[in-house]
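Enquirer: return a 3D structure for these sequence lines:
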Amino acid sequence: MVTQNALLGVLVVLIIVAGVVGYFAGSAVAPPKVVTSTVTVAPSVITTTVTLTTTTTITVTPTAILTPTPTRTITPPPSTPPPYWPKEIVIKVGGIGGAWYPIGAGLGDLISKQLKVQATVQPGGSGPNILATSKDEADIVMAYAWQSAVAKDPTAAKDYWGEVINFSNVKLLAGGLYSQYFHAVKRPGFPASNFNELADMVKRGMRVAIGTNIRGTAEEYTTRVLLARYGVTYDDIRKAGGTVFLGSHTDIVQMMREGKIDVYIAFGGIGYSAMVEADTTMNLEPFYLTKEDIDYMTSKYGFKLAYIPKGSYRWVKEDYPSLVDYPVFLCRAGLPEDFIYQVARLLDENKSYIAAAAKYFEEFDPSKAWQLGGLWELHPGAAKYYKDKGYMP
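Expert: Alright, predicted model coming up:
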């Protein structure tokens, strides 16, 4: 009987040991344990000491705490214009029939219909438009990014406009409306292929005839500035018996066909109508900007280096090194912040509406509108919209 009781006691001990092991195996932390169990088995007492060493490996995976992305909310237009909004605005664009007029007219139509502020669209020009805005004579205008460098420099501004511009009163509404590329072509056989060579001909008393857009436009200013770099003015060309014609693109193309213009200088979207007409009705050769010309115009005026792809015109046998700049919408600094906010929203949400009348506007990328304005400073209302939309940090 004693033997049976002893065996029973050992069995009980083993059961207890198994339970203890199971307990520590399931614990998160299991340092070595000493367990003493006492089992009373009549008529004797069996004391068993069991030392258990258990090691448990615990893998802890940190839980990342994510910062919620703030919800961006676009402020809808008011049901009726607030009393401090203008009752009507003047939008100045380019000439009737040009690319700018339908863009400005489209925006004006949207403002009148959706914001219930009467918008009148008037023809104009980039230089005069900026001057009018600086004097509070226009509310929203079209101009160029590169002109910001001229407007900000009092000396350059006085040469360009005849007076210093109130730069702080002209703010950016949207930039990068589309790309305008520098184009320049010459009659086959004309000896000069760049501005340096053309200036050298003038200095030697040779006759040259150039045609470009009206004074103050991107192409005219580029022409004048680059000739000046090589020590030649329009008067020098005329004194040497040459011609400087500042007028419409269509007139220049016609004069070139008649042999009255040697070099035609322009800015326009690739495939603009006057260049296509010139390219299809005449044999032409490229007139180039040198690397030094490009470096000067990009560093001083903010133009960008770009290339007109090979095959874009018959005269583009290889990629043509060019300058690119962007038309912009500018506005008066004094226009209410929430009004300009809504105008920026209209441009963003109704791109296709405007592009239906002006194909160049298809290129407009609202997410970059705040980046492609040159040195023009953003109107606070436009900046708020681009931030609310998530376009701008």
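Enquirer: mind listing the strands for the stretch 101-250 of the chain?
Expert: Under the criterion DSSP state E, counting those that start in this stretch, strands of the stretch 101-250 of the chain are mapped to 118-122, 140-144, 170-174, 180-186, 209-212, 243-246.
Enquirer: what's the closest of those strands to residue 164?
Expert: Residue 164 sits nearest to strand 170-174 of all the strands of the stretch 101-250 of the chain, at 12.4 Å, using C-beta to C-beta. Every C-beta, even on glycine, is put in place using the N, C-alpha and C of the backbone.
Enquirer: from the contact counts, what lies against that closest one?
Expert: Applying 3 or more C-beta pairs under 8 Å, 6 or more residues apart in numbering; DSSP states H and E, one finds that strand 170-174 contacts helix 126-134, strand 327-332, helix 337-349, strand 377-378, helix 380-389.
Enquirer: make a markdown table from those and add mean pLDDT, distance to residue 169 and mean neighbour count to it.
Expert: Output for the helices and strands packed on strand 170-174, formatted as a markdown table (pLDDT from 0 to 100; distance: least, C-beta to C-beta, whole Å; neighbours: other C-beta atoms under 10 Å):
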| stretch | mean pLDDT | distance to residue 169 | mean neighbour count |
| --- | --- | --- | --- |
| helix 126-134 | 95 | 5 | 23 |
| strand 327-332 | 98 | 6 | 27 |
| helix 337-349 | 98 | 14 | 22 |
| strand 377-378 | 98 | 10 | 18 |
| helix 380-389 | 98 | 14 | 20 |
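Enquirer: and those as a markdown table, adding distance to residue 305?
Expert: Formatted as a markdown table, the helices and strands packed on strand 170-174 follow (distance: least, C-beta to C-beta, whole Å):
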| stretch | distance to residue 305 |
| --- | --- |
| helix 126-134 | 21 |
| strand 327-332 | 18 |
| helix 337-349 | 27 |
| strand 377-378 | 25 |
| helix 380-389 | 26 |
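Enquirer: do you know which of those lies nearest residue 307?
Expert: strand 327-332 (19.8 Å).
Enquirer: angle of that closest one against helix 126-134?
Expert: Here strand 327-332 runs at an angle of 20 degrees relative to helix 126-134 (axes from the mean of the first three to the mean of the last three C-alpha atoms, to 10 degrees).
Enquirer: re earlier: out of the strands of the stretch 101-250 of the chain, which gets nearest to residue 283?
Expert: Among these, strand 180-186 comes nearest to residue 283, with 10.0 Å by C-beta to C-beta.
Enquirer: quick one: list the elements packing against that closest one.
Expert: Contacts defined by 3+ C-beta pairs under 8 Å, 6+ apart place strand 180-186 against helix 218-229, strand 263-268, helix 273-281, strand 285-286, strand 304-308, strand 320-325.
Enquirer: centre of the chain to stretch 128-147, how far?
Expert: Here stretch 128-147 is found 20 Å from its chain centre; the criterion is C-alpha atoms, centre = their mean, to the nearest Å.
Enquirer: what's the closest of the helices and strands packed on strand 170-174 to residue 151?
Expert: With C-beta to C-beta as the criterion, residue 151 lies closest to helix 126-134 of these, at 6.1 Å.
Enquirer: from residue 207, how far off is residue 260?
Expert: 11 Å (C-beta to C-beta, to the nearest Å).
Enquirer: actually residue 376, sorry about that
Expert: Residue 376 is 40 Å from residue 207, by C-beta to C-beta.
Enquirer: who has more neighbours out of those two?
Expert: Neighbours of residue 376 and residue 207, each counted by other C-beta atoms under 10 Å, are more numerous for residue 376; the result is 25 against 12.
Enquirer: look up the closest residue to the more buried one, ignoring the ones flanking it.
Expert: What sits nearest to residue 376 in space, not counting adjacent residues and going by C-beta to C-beta, 6 or more residues apart in numbering, is residue 172, at 3.9 Å.
Enquirer: try residue 127
Expert: Closest residue to residue 127 apart from its sequence neighbours, by C-beta to C-beta, 6+ apart: residue 216 at 3.4 Å.
Enquirer: and that neighbour, what does it touch?
Expert: 125, 126, 127, 128, 160 (C-beta atoms under 8 Å, 6 or more residues apart in numbering).
Enquirer: where does it land on pLDDT?
Expert: Predicted confidence (pLDDT) for residue 216: 84.
Enquirer: correct me, but residue 158 touches residue 164?
Expert: Yes - between residue 158 and residue 164 there is a contact at 5.8 Å, judged by C-beta atoms under 8 Å.
Enquirer: so how many other residues sit close to residue 191?
Expert: As a measure of burial, residue 191 has 12 neighbours, counting by other C-beta under 10 Å.
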